[in-house]
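In: Sharing a model that was predicted from the sequence below.
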Amino acid sequence: MSSEIVRLQNAVSNQALTDRDLLGYAKRIGLDVDRFSREMSENVFLPQVQTGYRQSVFDEHVTGTPTLYLNETRYTGATHLQALLEAIKQSDPQGRTRLQTKGSLIRKAMGKLRQGAGG
């Protein structure tokens, strides 16, 4: 559902998602719409969301998106491709991570991130 929400956020720009928007996306991805609607109206997951928010802000110092972690260490370096690839390599002291030398998938993902950040 998160990819659907991101897609919707990009479509509506800086407007807030409405319950109707979320309900439509819940239906689109095949959730039990009655249960989803009931749990949303009863704030079933609000305590979990609040706990996650507090943990992110106060324990992990997440103040914006994207926030990247490499092997449980927050990455605060440059976000261009070569710097990220180097950081990924450095975060794997056992050398288990294998990265493509061309990085075509990573380049594509980075391009999408840049488009989202600029819009």
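Out: Good, I have the coordinates. Numbering: from 1, shown residues only.
In: Select the helix or strand of the chain having the lowest average pLDDT value.
Out: Taking mean pLDDT, DSSP states H and E as the measure, the chain has helix 2-12 as its least confident helix or strand, at a mean of 63.
In: what packs against the very next helix or strand once past that helix?
Out: Where DSSP states H and E defines the elements, the next helix or strand beyond helix 2-12 is helix 19-28. Other helices and strands packing on helix 19-28, by 3 or more CB pairs under 8 Å, 6 or more residues apart in numbering; DSSP states H and E, are helix 2-12, helix 33-41. In this view, the C-beta of every residue, glycine as well, is placed from N, C-alpha and C.
In: tell me what the shortest one is packed against?
Out: With contacts defined as 3+ CB pairs under 8 Å, 6+ apart, the secondary structure elements packing on helix 33-41 are helix 19-28.
In: buried ones in the helix it packs on?
Out: Across helix 19-28, burial judged by 16 or more other CB atoms under 10 Å covers Asp21, Leu22, Tyr25, Ala26.
In: was I right about the second one contacting Met40?
Out: Read it as Leu22. Yes - here Leu22 lies in contact with Met40, judged by CB atoms under 8 Å, at a distance of 6.9 Å.
In: For the nearest residue to Leu85 once chain neighbours are set aside, give its distance to Lys112.
Out: Excluding the flanking residues, the one nearest Leu85 by CB to CB, 6 or more residues apart in numbering is Leu99, at 5.9 Å. Leu99 sits 18 Å away from Lys112, going by CB to CB, to the nearest Å.
In: Now do the contacts for the residue nearest the centre of the chain.
Out: Nearest to the geometric centre of the chain sits Pro66, at 6.8 Å (CA atoms, centre = their mean). Counting by CB atoms under 8 Å, 6 or more residues apart in numbering, Pro66 touches Leu113.
In: So that it lines up with my notes, have the first residue be 27 from now on.
Out: All set: I'll call the first residue 27, so the last point we hit is now Pro92.
In: That one and Asp47, how far apart?
Out: The gap separating Pro92 from Asp47 is 22 Å, by CB to CB.
In: Give me the pLDDT for the residue lying farthest from the centre of the chain.
Out: Ranked by distance from the centre of the chain (CA atoms, centre = their mean), the top residue is Gln120, with 26.8 Å. In this prediction, Gln120 carries a pLDDT score of 85.
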